[in-house]
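1. Show me the folded form of this:
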Amino acid sequence: MLETEIRSREARLDDLPRLTEIYNHYVLTTPITFDIEPATVEERRGWFDAHTKRRYRLLVAEQDGVVLGYASSSRFRPKPAYETSVELSVYLAPERTGRGVGSLLYRRLLDELAAADVHRAYAGVCLPNEPSLRLHRGLGFQPIGVYREVGRKFGRYWDVQWFEREVDAA
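-> Below is the predicted model of the structure:
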């Protein structure tokens, strides 16, 4: 069977159960997110609704009607002067990692953000996570520092490496 093209699009509310399923996989099995309890679809609704502004986007990758993953830009910090900076995240169905889906989503997201008066994008990567480090470096993100043992999950402390990328001059 021939695979159809993977396409990216704006997330819709009916995607929320699948987005929650993908996210909860990482909550339960990895330190990639520092949430420690899985969320319900209802609990994730506020997160979904926060991605309806010009700078705060939520994109999904889809193939044959199946959502493969998502990428989002979120508020970096709450104070007004940070308005032109965003934090990016990407989560893929575990069987879809390493196939370019994350790059596809991030590229589209960065293109949209360049037109939305976003100056800088930031991303945190829980270490170790070589695939995520490659993704961010491959898209022009520069390492800016490591928060040592900043989160505790699964009975141990984890480091998070932070990256930044200029958006509006890309």
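2. Thr4 is in contact with Val66, isn't it?
-> No: if you go by Cβ atoms under 8 Å, Thr4 and Val66 don't touch, sitting 10.4 Å apart. C-beta here means a position set from N, CA and C on the backbone, and glycine is covered the same way.
3. Now do the most centrally placed residue in the chain against Ala123, distance only.
-> Of all residues in the chain, the one closest to the mean position by Cα atoms, centre = their mean is Ser89, 1.6 Å from it. Between Ser89 and Ala123 the distance is 7 Å, computed by Cβ to Cβ, to the nearest Å.
4. any idea how far Val125 lies from Val66?
-> 26 Å.
5. again, but for Tyr91
-> The gap separating Tyr91 from Val66 is 15 Å, by Cβ to Cβ.
6. next one: Ser132
-> Taking Cβ to Cβ, one finds Ser132 at 23 Å from Val66.
7. repeat for Thr30
-> Taking Cβ to Cβ, one finds Thr30 at 22 Å from Val66.
8. between those two, who's got more neighbours?
-> Thr30 (13 against 10; other Cβ atoms under 10 Å).
9. Great, nothing more from me.
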